[in-house]
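J.: I would like the atomic coordinates for the input below:
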Amino acid sequence: MKVATLNLNGLRSAYRKGLSKFIQCTSPDVFCVQEIRIDPAAMSCDLFFQDQYRSFFCPSSRKGYSGVGIYTRFDPVNVITKFDNGEFDREGRCIGVELEALWVFSVYFPSGSSSSLRQEAKFRFLTAFSRFFENFEDFARKPVLLCGDFNIAHQPIDLKNWRSNQRNPGFLPEERDWLTQFMKQRKMLDVFRFLYPKTVSYTWWSQRGKAREKDVGWRIDYQITSCALADKANSAYVYVESNLSDHAPLVVNYDL
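T.: Numbers count the residues shown, from 1 in each chain. Model prediction:
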């Protein structure tokens, strides 16, 4: 099973830049998307890729902002679009589909970089996210795969200029420690780093200062899952050739 995840920075924008070609070239079985910035009611038919996928979305109540979705070739057993937190449910931060073999979630964490108020919101989100999965009864029954933009670089290897970013949102000690503890407590692994412990590969670049051209990036997009499912991952790569958004897709192949 091939799973891809990408922050689109706008579904319409990514489609105009060649999203169809990316899907054709990589042919993911499950494609998790973040920051769709559109309500499904306003989407044209071509954005659903109905000839290949079933699609499910959790948009933001605020127009042109946030929102997540999942395209899947498999018929889901169940779909959830809320994680029991009104503030962040309204922002369209999380959607999950239950497939026969596992749960897949598409998640979009707040950035925190725009203001101290948004950083406070990010910390509230981390607490709410942890609480949701503490109470998620299916955790013990099926593997859970979390895909998306976490807006956190976990280790120094995960961003180019880690020394100068230690006090900046996305690489704060509190954020990094939260991610460490979240995975440790649930016996989960960052699949890319599990497969490639020393590989430097980024998934997001600032749109300033030719950051992408110079490869001054951050690895903030993840596929995080149980140890058992991570063991079934046989390869992973960042599709750096893509210029669909300021992020690059992360693609993982699982023996499922």
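J.: Only C-alpha atoms from now on, for both contacts and neighbour counts.
T.: Fine.
J.: which residues of the stretch 101-250 of the chain fall in strands?
T.: Counting by DSSP state E, counting those that start in this stretch, the stretch 101-250 of the chain has strands at residues 103-108, 144-149, 188-190, 204-205, 217-218, 221-226, 233-238, 250-254.
J.: Could you list every helix and strand in contact with the fourth one?
T.: It stands for strand 204-205. Applying 3 or more Cα pairs under 8 Å, 6 or more residues apart in numbering; DSSP states H and E, we find strand 204-205 packed against strand 217-218.
J.: residues making contact with the strand it packs on?
T.: With contacts defined as Cα atoms under 8 Å, 6 or more residues apart in numbering, strand 217-218 is touched by Ala153, Asp158, Leu159, Lys160, Tyr202, Thr203, Trp204, Trp205, Ser206, Ala211.
J.: Show me what the nearest residue in space to Ala211 that is not next to it in sequence is bridged to.
T.: Among residues not flanking Ala211 along the chain, Trp205 sits closest, at 5.8 Å (Cα to Cα, 6 or more residues apart in numbering). On the basis of DSSP bridges, Trp205 is bridged to Gly217.
J.: got a list of what Trp205 touches?
T.: Per Cα under 8 Å, 6+ apart, neighbours of Trp205: Ala211, Arg212, Asp215, Val216, Gly217, Trp218, Asp246, His247.
J.: re earlier: tabulate the strands of the stretch 101-250 of the chain (JSON lines), appending mean pLDDT and distance to Tyr71.
T.: Output for the strands of the stretch 101-250 of the chain, formatted as JSON lines (pLDDT from 0 to 100; distance: least, Cα to Cα, whole Å):
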{"stretch": "strand 103-108", "mean pLDDT": "98", "distance to Tyr71": "10"}
{"stretch": "strand 144-149", "mean pLDDT": "98", "distance to Tyr71": "12"}
{"stretch": "strand 188-190", "mean pLDDT": "98", "distance to Tyr71": "22"}
{"stretch": "strand 204-205", "mean pLDDT": "98", "distance to Tyr71": "22"}
{"stretch": "strand 217-218", "mean pLDDT": "98", "distance to Tyr71": "25"}
{"stretch": "strand 221-226", "mean pLDDT": "98", "distance to Tyr71": "16"}
{"stretch": "strand 233-238", "mean pLDDT": "98", "distance to Tyr71": "19"}
{"stretch": "strand 250-254", "mean pLDDT": "98", "distance to Tyr71": "14"}
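J.: Tell me where the model's unsure across the protein.
T.: Within the chain, no range satisfies pLDDT under 70.
J.: With adjacent residues omitted, what lies nearest to Phe123?
T.: Leaving out its chain neighbours, Phe123 is closest to Glu175 (Cα to Cα, 6+ apart), at 8.0 Å.
J.: Could you do Lys2 as well?
T.: Asn253 (4.4 Å).
J.: got it, and Ile80?
T.: Gly96 (5.2 Å).
J.: how many other residues sit next to Ala140?
T.: Ala140 has 9 neighbouring residues, counting by other Cα atoms under 10 Å.
J.: ok, it to Glu134 distance?
T.: 11 Å (Cα to Cα, to the nearest Å).
J.: can you give me the helices in the stretch 51-200 of the chain?
T.: Along the stretch 51-200 of the chain, counting by DSSP state H, counting those that start in this stretch, helices occupy 86-89, 116-134, 173-186, 191-195.
J.: neighbouring contacts of the last one?
T.: The set of residues external to helix 191-195 that reach it, using Cα under 8 Å, 6+ apart, is Thr199, Tyr222, Gln223, Ile224, Thr225, Ala230, Ala233, Asn234, Ser235, Ala236, Tyr237, Val252.
J.: centre of the chain versus that helix, how much separation?
T.: On the basis of Cα atoms, centre = their mean, to the nearest Å, helix 191-195 sits 15 Å off its chain's mean C-alpha point.
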